[in-house]
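Novice: coords below, sequence missing:
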C-alpha cells in the first residue's frame with residue numbers, strides 16, 4: 001500500500017503521540033455539530049453526562065476531547081481517512097468510499113468477535129484472546145464525588161448506579177429492600193445519569209447483572225474502579241473483569257444473590273475493621289484506573305501496538321489491498337448476520353421465553369478468568 005502523507009490542516013500542538021490519530025464518529029454532524037470544524041474542542045466538564053452514554057460518544061467523542069485537551073495529535077471526523085490510523089465504533093463507516101484504504105482501530109465496547117477492524121481495543125480481559133487487541137479501562141464517570149470520610153465505617157445506605165433494568169431481577173424485589181431495612185440499611189436506585197458520579201452519602205455500591213456468561217465476558221470493571229476511586233466498597237456480581245483486576249474479599253465483595261449481599265452487610269457491620277481494610281486496599285489500586293491513568297493507557301496503546309500494526313499494514317502492498325477490498329465487501333454483508341448471532345448467544349432462550357411470556361432462568365456464574373500476561377494489559 002502506497003504511503004499516504006499526513007493530511008493537511010492546522011498545525012497540531014506537541015504531544016506524546018508520534019503520528020496523527022483520527023477519531024471517527026459516524027453521527028458527528030447530527031449529535032456533535034460543534035465539533036465539525038477542524039481541531040474543535042469542548043470542555044468535557046461542561047458536557048451533560050447523559051450526552052456521553054452511547055458507545056460512540058463514550059469511546060470516540062469523549063476520548064478525542066480528553067486526549068485533545070492534553071495536547072495529543074488527534075482530530076475528529078465523521079469519515080474514515082484513507083492511509084491513516086482511524087479509531088471508531090460504527091461499522092456503518094465501512095459503506096463510504098475509501099474505507100478499505102483506512103487502517104481501522106475498533107473500540108469493541110461490549111460487543112464480541114467483531115469481523116471488521118485491523119486492531120481491537122477491548123474493555124474486558126476475556127476479549128483479549130484475539131489477534132491485534134489491547135485491554136483498556138473504560139473511562140471513569142466524569143466528576144466523581146468520593147464518599148464522605150466522616151461517615152466512618154457505618155453502613156446506612158447501599159446504592160445502585162445505573163438504569164434499573166440492568167440490575168439483576170432478584171435485587172429489585174421488595175423483599176431485598178425490606179431485609180436491608182430490618183438491618184437499618186436503606187437501598188436506593190440512582191438511576192439518572194446525572195446521579196452516577198455522586199458517592200458522597202453512600203456506604204456500599206451494588207452491581208449484579210442477570211446476563212449469560214457469554215455477555216458478562218464483554219463487560220468492563222468500571223463499577224469496581226469507581227468504587228476504589230470513591231472509597232465506597234462494592235458488592236459485585238461474578239464477572240471476569242472484576243476478578244481480573246480485583247480480589248474478592250480484599251478490595252471488593254462478590255455476591256450472586258440477595259442473601260449473599262445481606263450476609264455481607266451483616267459481616268461488615270460486625271467487623272468495621274474489614275470495611276476500612278477494603279477501602280484501603282481499593283485506595284492503593286485506584287491511581288492505576290483514574291482518568292489520567294486511562295489517558296496514559298490510550299497513548300501507550302496508540303503509540304505502541306497500534307502504530308506497529310499500522311506500519312506492518314502499510315508494508316503489505318497492492319495484493320493485500322485487493323484482498324482487503326474483497327474482505328470489506330464481504331463484511332458489509334456478513335456483519336448484520338453476525339450481530340443477530342451475537343444477540344442469540346447473549347440472550348439464549350430468553351428471546352423465545354419473552355415471546356411466550358415466560359421468565360428466563362437465572363444465569364450460571366461466570367467462570368473465573370486467569371490473569372492474562374502483563375504485557376497484554378494497557
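Specialist: On my side now, so go ahead. Given the structure is predicted, the values throughout are model-derived calculations rather than measurements.
Novice: could you measure from residue 82 over to residue 152?
Specialist: As judged by C-beta to C-beta, to the nearest Å, residue 82 and residue 152 stand 59 Å apart. The way it works is simple: take the backbone N, C-alpha and C, and place the C-beta from them, glycine included.
Novice: comparing those two, which residue is more hemmed in?
Specialist: residue 82 (16 against 11; other C-beta atoms under 10 Å).
Novice: now the more buried one: closest residue in space that isn't a chain neighbour?
Specialist: In space, and not counting its chain neighbours, residue 82 is closest to residue 101: 3.7 Å by C-beta to C-beta, 6 or more residues apart in numbering.
Novice: separation between the one you found and residue 81?
Specialist: From residue 101 to residue 81 the distance is 9 Å (C-beta to C-beta).
Novice: ok, residue 56 next?
Specialist: Distance, residue 56 to residue 81, by C-beta to C-beta: 17 Å.
Novice: you'd agree residue 225 is in a strand?
Specialist: No. The assignment for residue 225, made by DSSP: H, G, I helix; E, B strand; the rest coil, is helix rather than a strand.
Novice: what's the burial count for it?
Specialist: 29.
Novice: check contacts around it.
Specialist: Listed by C-beta atoms under 8 Å, 6 or more residues apart in numbering, the contact set of residue 225 reads 137-138, 140, 245, 286, 289.
Novice: tell me which two of the residues you listed sit farthest apart.
Specialist: With C-beta to C-beta as the measure, no two of the contacts of residue 225 lie farther apart than 138 and 286, at 14.7 Å.
Novice: can you classify the residue nearest to the spatial centre of the chain by secondary structure?
Specialist: Geometric centre of the chain, nearest residue: residue 138, 3.7 Å, by C-alpha atoms, centre = their mean. Secondary structure assignment for residue 138 (three-state DSSP): coil.
Novice: what's near enough to touch it?
Specialist: 58, 123, 220-222, 225, 294.
Novice: quick one, phi psi at residue 54?
Specialist: phi -70, psi 150 (degrees, to the nearest 10).
Novice: and the helices in the stretch 201-350 of the chain?
Specialist: Ranges of helices within the stretch 201-350 of the chain are 213-216, 222-230, 240-245, 258-270, 272-285, 291-301, 307-314, 318-347, 350-356, based on DSSP state H, counting those that start in this stretch.
Novice: average pLDDT for the shortest one, rounded please.
Specialist: So the one you mean is helix 213-216. Taken as a whole, helix 213-216 has a mean pLDDT of 87.
Novice: who are the packing partners of that helix?
Specialist: The helices and strands touching helix 213-216, judged by 3 or more C-beta pairs under 8 Å, 6 or more residues apart in numbering; DSSP states H and E, are helix 318-347.
Novice: what about residue 18, neighbour count?
Specialist: Residue 18: 9 neighbours (other C-beta under 10 Å).
Novice: tell me the pLDDT of the residue nearest to the centre of the chain.
Specialist: Looking at residue 138, its pLDDT is 95.
Novice: how about residue 341?
Specialist: Residue 341 is assigned 62 on the pLDDT scale.
Novice: what segments of this structure are strands?
Specialist: With DSSP state E, the ranges of strands along the chain come out as 21-24, 74-77, 85-88, 103-109, 119-122, 133-135, 157-161, 186-190, 204-207, 234-236, 253-254.
Novice: looking at those, which is closest to residue 316?
Specialist: The nearest among the strands of the chain, by C-beta to C-beta, is strand 103-109 at 10.7 Å.
Novice: now do the closest one: everything it contacts.
Specialist: 55, 58-60, 80, 83-89, 114, 116-123, 127, 218, 302, 306, 309-310, 313-314.
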